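K.L.:
structure for this input, please:
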Amino acid sequence: MTANLLYAQSGGMTAVINASACGVIEAARARPERFGKVFAARDGIVGALTEQLYDLDAQSDAAIAALRHLPGGAFGSCRYDLQDIATHRHQYERLIEVFAAHDIGYFLYNGGGGSMLTAERLLRVGESLGYPLKVMGVPKTIDNDLADTDTSPGFGSAAKYVAVSAREAAHDVASMAGSSTKVFILEVMGRHAGWLAAAGGLAERAPGELPLLLLFAERAFDEATFLAAVRARVTSHGYCVIVASEGLKDAEGQFLSISADSPVYAWIQLGGVAAGLAGRIKQQLGYRTHWAVADYLQRSARHIASRTDLEQAYACGRAAVELLAAGEHGRMITLRRLSDAPYRWETDSVPLATVADVECTVPAAFIDAEGFGITEAARRHLRPLIEGEDYPPFRDGIPDYPALRLELAPRRLPDFTLD
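P.N.:
Sure thing, here's the model as predicted:
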């Protein structure tokens with residue numbers, strides 16, 4: 001018996017999340033005996049709640065294949081998590097009503113740990129209501145903090161952007177350090193996990209090649225130790241390049257910088273670490289500094305995406321559908337490393353409950369003794385994830401990113417107001 005499939009994207013975007021979407025849709029179209037229509041929710045779980053579903057039947061195979069090159073989220077995303085079942089059961093019951101109205105028997109949520117929690121809760125509600133819903137998680141996050149997987153699709157490309165940017169900036173600063181800027185600071189994403197800061201260590205081909213200083217979200221910031229490390233690098237090389245996690249905390253566990261509060265369930269927007277560090281350096285050491293915030297650039301840079309990352313993102317999308325076709329569900333697709341050199345991997349899966357809202361931080365063994373660099377073990381682990389290029393098509397000197405012409409399926413239920 002066939003049933004329709006709903007795919008949704010969640011949370012912050014990556015350069016390769018649409019490759020996962022491509023894998024999902026192509027795999028579902030290849031199994032018409034199991035899957036009927038393929039829908040995509042507009043703006044993630046919000047679109048599912050408000051019954052805004054894109055019917056993808058009108059999209060050509062070529063248009064779906066082109067998703068592999070498209071950054072951002074082709075169907076829209078959201079920062080909206082379903083709340084506790086006991087207090088917000090009406091949200092889950094509404095979703096089941098929407099699924100039933102459109103004969104949706106399969107739901108795939110493409111996101112991070114919070115999204116896996118939403119998927120796991122929806123799975124349990126479907127079971128309690130007796131609705132035959134099969135749920136699968138497709139991993140995604142540039143923070144690389146998903147548990148039980150070798151890496152998170154999206155991280156490899158963001159890591160490549162950070163490493164390349166740090167290396168190129170180092171050449172620039174070295175050129176001017178004699179009479180101008182001596183310290184450059186790049187602020188990267190990473191609320192509780194410093195994986196992207198660690199990726200900055202890949203800017204050098206061998207340890208010590210560049211005067212890098214990495215600041216990890218996992219390590220409490222100590223100003224005196226930090227300033228001494230900056231001074232040492234400027235003294236030895238004439239300049240210093242710093243890659244700092246936005247989630248830096250002090251010894252009491254408080255964020256060094258908060259950009260703004262958000263109404264999304266006590267979620268706060270971080271930002272300002274680079275500017276704050278620059279001020280400390282200027283005031284205490286007198287060095288001229290420049291700083292930049294990678295922000296959306298690090299997660300949207302499809303033009304410099306990692307081929308490894310792209311292939312893994314696509315494979316995770318396909319694997320989710322193939323597992324559903326085989327009768328499996330209630331799981332998140334994972335990546336399992338088979339070897340470092342050559343880097344070999346395969347897809348696997350774990351129960352949603354084991355990864356829901358669980359964060360995987362940078363291991364202590366990946367941070368060097370000084371606390372401002374990465375170890376050789378970290379290099380072996382990280383380097384394969386940024387390898388390879390897969391350039392998008394260019395036209396008139398810029399990437400050619402044609403968007404899908406999407407149409408919403410007719411609504412069948414009353415309006416629903418979000419909490």
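
K.L.:
what's across from L108 in the sheet?
P.N.:
Taking DSSP bridges as the rule, L108 bridges to Y7, M136.

K.L.:
tell me, what residue is most central in this structure?
P.N.:
T141 (1.8 Å; Cα atoms, centre = their mean).

K.L.:
and that residue, what element?
P.N.:
Counting by DSSP states H and E, no helix or strand carries T141.

K.L.:
any idea how far it lies from S157?
P.N.:
To S157, T141 is 12 Å away according to Cβ to Cβ, to the nearest Å. The way it works is simple: take the backbone N, C-alpha and C, and place the C-beta from them, glycine included.

K.L.:
who touches both of these two?
P.N.:
Common neighbours of T141 and S157 (criterion: Cβ atoms under 8 Å, 6 or more residues apart in numbering): T14.

K.L.:
ok so, going back, for the nearest residue to the residue nearest to the centre of the chain once chain neighbours are set aside, what are its contacts?
P.N.:
Nearest residue to T141 in three dimensions, chain neighbours excluded: G112, at 3.8 Å (Cβ to Cβ, 6 or more residues apart in numbering). Contacts for G112 (Cβ under 8 Å, 6+ apart) come out as S10, G11, P139, K140, T141, D143, D145, L146, S152.

K.L.:
and R231, what are its phi and psi?
P.N.:
Main-chain dihedrals, R231, degrees, to the nearest 10: phi -60, psi -40.

K.L.:
after the strand or helix carrying L310, which helix or strand is next?
P.N.:
Element membership for L310 (DSSP H and E) is helix 307-325. Going down the chain from helix 307-325, the next helix or strand is strand 331-339, by DSSP H and E.

K.L.:
all strands of the stretch 301-419 of the chain, in order?
P.N.:
Along the stretch 301-419 of the chain, counting by DSSP state E, counting those that start in this stretch, strands occupy 331-339, 344-351, 394-395, 398-399.

K.L.:
for W291, which of those strands is the nearest?
P.N.:
Across the strands of the stretch 301-419 of the chain, the minimum distance to W291, taken as Cβ to Cβ, is reached by strand 398-399, at 27.0 Å.

K.L.:
partners of the closest one, with directions?
P.N.:
Within its sheet, and counting by DSSP bridges, strand 398-399 is paired with strand 394-395 (antiparallel).

K.L.:
quick one: distance of the strand it pairs with to the chain centre.
P.N.:
Put simply, strand 394-395 sits 26 Å off its chain's centre (Cα atoms, centre = their mean, to the nearest Å).

K.L.:
repeat for stretch 362-381
P.N.:
21 Å.

K.L.:
quick one: end-to-end distance for that stretch.
P.N.:
11 Å (Cα to Cα, to the nearest Å).

K.L.:
mind checking how far G111 is from V24?
P.N.:
Separation of G111 from V24 (Cβ to Cβ): 13 Å.

K.L.:
how about T181?
P.N.:
For T181, the distance to V24 equals 46 Å [Cβ to Cβ].

K.L.:
identify the residues contacting L56.
P.N.:
I25, K37, V38, F39, A40, I64.

K.L.:
re the thing from before, identify the farthest-apart pair in the contacts of G112.
P.N.:
Spanning the widest gap among those are S10 and D145, at 14.7 Å by Cβ to Cβ.

K.L.:
between the two, who's got more neighbours?
P.N.:
S10 (29 against 22; other Cβ atoms under 10 Å).

K.L.:
so what's the more buried one closest to, chain neighbours aside?
P.N.:
If the residues on either side of it in the chain are set aside, S10 comes closest to G111, at 3.3 Å by Cβ to Cβ, 6+ apart.

K.L.:
so how far is the helix or strand containing Y106 from its chain's centroid?
P.N.:
Counting by DSSP H and E, the element that carries Y106 is strand 104-111. Centroid displacement of strand 104-111 relative to its chain, using Cα atoms, centre = their mean, is 18 Å.

K.L.:
what sits up against the next helix-or-strand element following that strand?
P.N.:
Note on strand 104-111: by DSSP H and E, the next helix or strand toward the C-terminus is helix 113-128. Contacts of helix 113-128 with the rest of the structure, by Cβ under 8 Å, 6+ apart, involve 10-11, 45, 81-82, 85, 89, 92-93, 95-96, 107, 109, 111, 132-133, 135-137, 140-141, 145-147, 329-330, 332, 352-353, 355-359.
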